Structures are given as C-alpha cells and as structure tokens.
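>>> here are the coordinates; sequence isn't available:
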Ligand code: ADP
C-alpha cells in the first residue's frame, strides 16, 4: 500500500477548534451554541464578563465571541485582561446597533472582527470561519517554527543564520560548541564579536556579496587545533546566501560538519595500503628472482612447456609487483610525503631524458617520437622524481595505447602563470564518458583494443595526485579513433 496523506493520518483525531461565547443574553448564547456546534466546533458558554474571564484563566480557547455591553465587567475589560493572559486568542466582538463606534474601538484594542446584533446564522458562520482560518494559519506558523527550532537544535552539524548586517538570527548549540564560543545564545549579536576565525568571517562576507545571478556555496576545510595533537579537529565549513522575493541577498546560512573521523579513517586507509604494498613487494621480487633462476636453467634443465608456464607466471608477478609499487607511490603522494622535497626543476631536461629513455619502446612499435620544445623554459618548483613519474606515465601510455606506426609529439611552452606540457598521440583515443573516469584509481577502459594491453589503472591517478600536490592540474582532449592530448599545467616559480 502506498503512503498517501490519508493513510499516514489514519487514526489521527483532527483538531476541534474551541470557542467561548461570553454574553449575558441567554438567547444569543444558545443561538450561537446551536449554529457553531453544527459547524463542528467545541462551544462553551459564559453568562457574563466575570464568568468569561474565569473560564479563560482555566482553559485555552481559539476564539472568543464577546459581547461588549455587559453589567459588572464590560467586554472591553475582558478584552484588556485577555490580551495579557492569551495574546494569541482571537476575539470577535458582538455589539448592539448603536455601538458601532465601540466595535471600532474594540478592533483597535486587538479584536479580530465584530458582529452587529441582530445577526443571521450565516453571518455568524462566515465570520467565525474566517477567524478559524486565521487561527489555523497562526498555529501552522507556530508549529513550523517550533519544529524547525527543535530540528536545528538537535542537528549534529553546526548551523548559523546571519542577516545582511552580519547579526545572528539563529545559531544552534552545536555551532557554538564547534567554534569554541562559551555563550549559551548569540542571537542578535554581530558575528565579529564572538567569531575570531578569519577564514570563516571572510567566507560569510564573500557569500553575502555573491551576485544575484549566481548561486555559489563556498566550502572550506579548516583544521582547528584545540591544544594537543589529539584535540585537533577538521571542520568542513559551507556558506550559502539566501535571498528575498526580489532576489536580493538578505543573509547567509553557515553549516559546519565535523570531518575529523573521516580524515582519520582516510589516513588509516592510506597507511594500511602503504604497509600492505610495502610488505608484499619484497616477497614478490624474491619469487621473481627465483623464477628467473629456474628459467635461466641454473636449477636444472627446463622443458619448453615449463619455460612457457614459468614465463607467464613471471609476467603476472611482475604486474603485481608494479601495482604494489604504484599503490605505495600513491599512498606516499596522498599523504604529502614525496612532494615535500622540492627543488628548482628544469622540465626541458626531464622531457629530453625521458623521450630518450622511452625511445627503444617506441621504436619496437614503430612509433615516432617528436619533440617540439623551445630552447629554454623557466624552472618550476617541484619534486624531480615526481615530475619524471608524471611524464614517464604519459609517454608510456601514449606508446601503449597507440597502434604500430603512430606518432607521439611532446611539446612545452610557458604562459604567465603556468608551464604547459602536451603529450599528444595518434592512438586509439578516449570516449567522453571514459575521459571523466580515467584519472580514478584502478579505472581501465575495457574494449577489444585494450584487451591485451596490461596495466594497473593507477598511472593517471598518480599523475593527477602529483600535479594537484604541486598546485597544478591535468586535462585531456580526445575522441575515439582520433588520438589523445594530455595537458600538464605546472605553476611557474614566481620571481624566477
Ligand atoms: P593503465 O595504463 O595502467 O591501465 P592509467 O591510469 O595510466 O592506467 O590509464 C587509465 C586508462 O586510461 C587506461 O587503461 C587506458 O584505457 C586509458 N588511457 C590512458 N592513456 C591513454 C592514451 N594515451 N590513449 C588512450 N587511452 C589511454
């Protein structure tokens, strides 16, 4: 069964609005009771002002029908006291012909509407229905506010809403705890009075200034050091502007999510991968060496069949060893270990060396390697081994994924901010869908052309991680059957 609104509400007793009629005329009281009970309301009667006030003190009513002209305590007195007891109760004043001025007066004092005597049942029904609609709207607003307040206060994320003046409209307890603010409430306060994190303040300012035409959420990870290393917390801050009906920014919602545990898990996962890769690399290399000993005939004669089997086993183990090495590299790069040792690197030298190094591999596939590089290029601040790894991966791929007789062109140039290196091939190309995914770990394109090409699917993930760790990036342009061009962007050493 599907959950329709009716199903969800099955068994729920609808709210019956409560009405009190305060009038000293029994005829009017009884008439009101009959008409309103027929409409489904819960109706109570009070015989005069004193009786009415007594009942109002004891119970809550949604609507009060109040006669103005009563002996002892007039309707005006009841109205005045009622406004201080239950300001949200809606009052409809019942008046005689001659007292229209009084009813206007009563409206000024907070009555919602008035019914002049004598009135018809229809007039009473319509006026009360209008008032009920109003009280329902008020109740809905109050319910929504209460629901929102409870929800926001119970959230495990920190939430703050600020207005166009940077004053707090709402901030939940989690938010205050996360930013280390000891106050129980900061409602109405200027954010500069209790937030001292300049990154967060800048984000809120910037967010409020976002042009109307754009919707941008600003995000930032901030590490907050609480004193000792164990108290370090990594918080993810998100700021988005909110707008009024004409589209103007009228405030900012800031959400803080504690990602300390996620970061720790990520670090542990990287450490685990790096330990496992390290541990399995040595035994695999030793197995490879022993297979080689057998293949070389040093352990006795080897038949052709045995040689074939052992060679196949060697290739598989070599691939595994390569994957272990690449996983180790990736774990090191992601933990920021390798790229910390940086120096001024001449990329032209590296391009020439690697082109020469990979030339035999290219020649064996009749692939031509063309260098289209300038005489000189400004240096970049980088880790030399990482840069060699980037180019080596791109050149190896260009050769691997090119058919016999292809051509690889490596070019380089320098712009104002970046040094750009292009590795272009005339190979099998990459579809748009695959272009999105080839930089993910272990992603390999599977089709008839790639079936017999071995690899781990880690090379481009390593290239991407290295370049990002250096403040650079990698891009690719390609189409199936039309070759591929990989663009490497490295930030230039400023002042060089
Ligand atoms: P691997 O080459 O070990 O499979 P990579 O991460 O280096 O892993 O590359 C991921 C995938 O991207 C490859 O499997 C290949 O399908 C595709 N690819 C990479 N470089 C090229 C290229 N120059 N031309 C065509 N496809 C490529």
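Sure thing, it's come through. What you are looking at is a predicted structure, and each value in this text was computed from that prediction instead of being measured.
>>> Next, the buried residues of the longest helix along the chain.
If each helix of the chain is counted by residues according to DSSP state H, the longest one is helix 260-295. Under the neighbour-count criterion of 16 or more other Cβ atoms under 10 Å, helix 260-295 has 263, 270, 273, 274, 277, 280, 281, 284, 288, 291, 294, 295 buried. Glycine gets a C-beta too; all of them are placed from N, C-alpha and C.
>>> Contacts only, for the second one.
Just to be clear, that refers to residue 270. Counting by Cβ atoms under 8 Å, 6 or more residues apart in numbering, residue 270 touches 331, 334, 335.
>>> which one of these is nearest residue 415?
residue 334 (28.2 Å; Cβ to Cβ).
>>> need the strands for the stretch 151-300 of the chain, in chain order.
158-163, 168-171, 218-224, 233-243, 249-258 (DSSP state E, counting those that start in this stretch).
>>> By mean pLDDT, show me the worst of the ones you listed.
Of all the strands of the stretch 151-300 of the chain, the minimum mean pLDDT falls on strand 218-224 (a mean of 86).
>>> List the contacts of it.
By Cβ under 8 Å, 6+ apart, the residues outside strand 218-224 that reach it are 180, 197, 199-200, 203, 206-207, 232-240, 259.
>>> what's the burial count for the closest residue to the ligand within the stretch 201-350 of the chain?
The ligand sits closest to residue 326 of the stretch 201-350 of the chain, with a gap of 8.1 Å, by Cβ to the nearest ligand atom. If you count neighbours by other Cβ atoms under 10 Å, residue 326 ends up with 21.
>>> where's it, which helix or strand?
Element membership of residue 326, judged by DSSP states H and E, is helix 304-334.
>>> Which residues does the residue nearest the centre of the chain form beta bridges with?
Closest to where the C-alpha atoms of the chain average out (Cα atoms, centre = their mean) is residue 238, at 7.4 Å. Note on residue 238: beta-bridge partners by DSSP bridges are residue 219, residue 255.
>>> Kindly report the same for residue 408.
Using DSSP bridges, the bridge partners assigned to residue 408 are residue 369, residue 425.
>>> Would you mind confirming that it is in contact with residue 402?
Yes - counting by Cβ atoms under 8 Å, residue 402 is a contact partner of residue 408 at 6.9 Å.
>>> Next, show the common contact partners of those two.
367, 425, 426.
>>> just those residues now: which is nearest the ligand?
Looking across those and measuring by Cβ to the nearest ligand atom, the closest to the ligand is residue 425, at 5.1 Å.
>>> Can you show me the helices along the stretch 351-496 of the chain?
Taking DSSP state H, counting those that start in this stretch, the helices of the stretch 351-496 of the chain run over residues 384-400, 432-435, 459-469.
>>> Sorry, slip of the keys, the one I care about is the stretch 1-150 of the chain.
Taking DSSP H, counting those that start in this stretch, the helices of the stretch 1-150 of the chain run over residues 5-8, 26-38, 49-58, 75-85, 100-108, 121-154.
>>> Please identify which of the ones you listed is closest to residue 384.
helix 121-154 (52.1 Å).
>>> Now do that closest one against strand 158-163, angle only.
Interaxial angle, helix 121-154 versus strand 158-163 (axes from the mean of the first three to the mean of the last three Cα atoms, to 10 degrees): 120 degrees.
>>> In helix 121-154, which residues are buried?
For helix 121-154, a neighbour-count test (16+ other Cβ under 10 Å) marks 124, 127, 128, 131, 132, 135, 152 as buried.
>>> Up against the ligand, what does this protein have?
393, 397-398, 401, 425, 427-428, 430, 438, 443-445, 450, 455-461, 484 (Cβ under 6 Å from any ligand atom).
>>> Just the buried ones among the residues you listed, please.
Among these, the ones that count as buried by 16+ other Cβ under 10 Å are 393, 397-398, 401, 425, 427-428, 430, 438, 444-445, 455-461, 484.
>>> Let me have the helices of the stretch 351-496 of the chain in a markdown table, extended by mean pLDDT.
Shown next, in a markdown table, are the helices of the stretch 351-496 of the chain (pLDDT from 0 to 100):
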| stretch | mean pLDDT |
| --- | --- |
| helix 384-400 | 94 |
| helix 432-435 | 94 |
| helix 459-469 | 92 |
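>>> Specify the stretch among those that is closest to residue 142.
With Cβ to Cβ as the criterion, residue 142 lies closest to helix 459-469 of those, at 50.5 Å.
>>> name the helices or strands packed onto that closest one?
Counting contacts by 3 or more Cβ pairs under 8 Å, 6 or more residues apart in numbering; DSSP states H and E, helix 459-469 is packed against helix 304-334, helix 384-400, strand 473-478, strand 484-491.
>>> Neighbouring strands of the next helix or strand after the longest one in the sheet, and parallel or not?
Looking back up the chat, that one is helix 304-334. Moving toward the C-terminus from helix 304-334, the next helix or strand (DSSP H and E) is strand 343-345. The pairing partners recorded for strand 343-345 under DSSP bridges are strand 380-382 (antiparallel).
>>> Tell me the gap between the partner strand and the middle of its chain.
Counting by Cα atoms, centre = their mean, to the nearest Å, strand 380-382 is centred 33 Å from the centre of its parent chain.
>>> Equivalent analysis for stretch 28-37, please.
Here stretch 28-37 shows a centroid-to-chain-centroid distance of 57 Å under the convention Cα atoms, centre = their mean.
>>> List the buried residues of that stretch.
Of the residues in stretch 28-37, 28, 29, 31, 32, 33, 35, 36 count as buried by neighbour count, 16+ other Cβ under 10 Å.
>>> I'm done for today, thanks for sticking with me.
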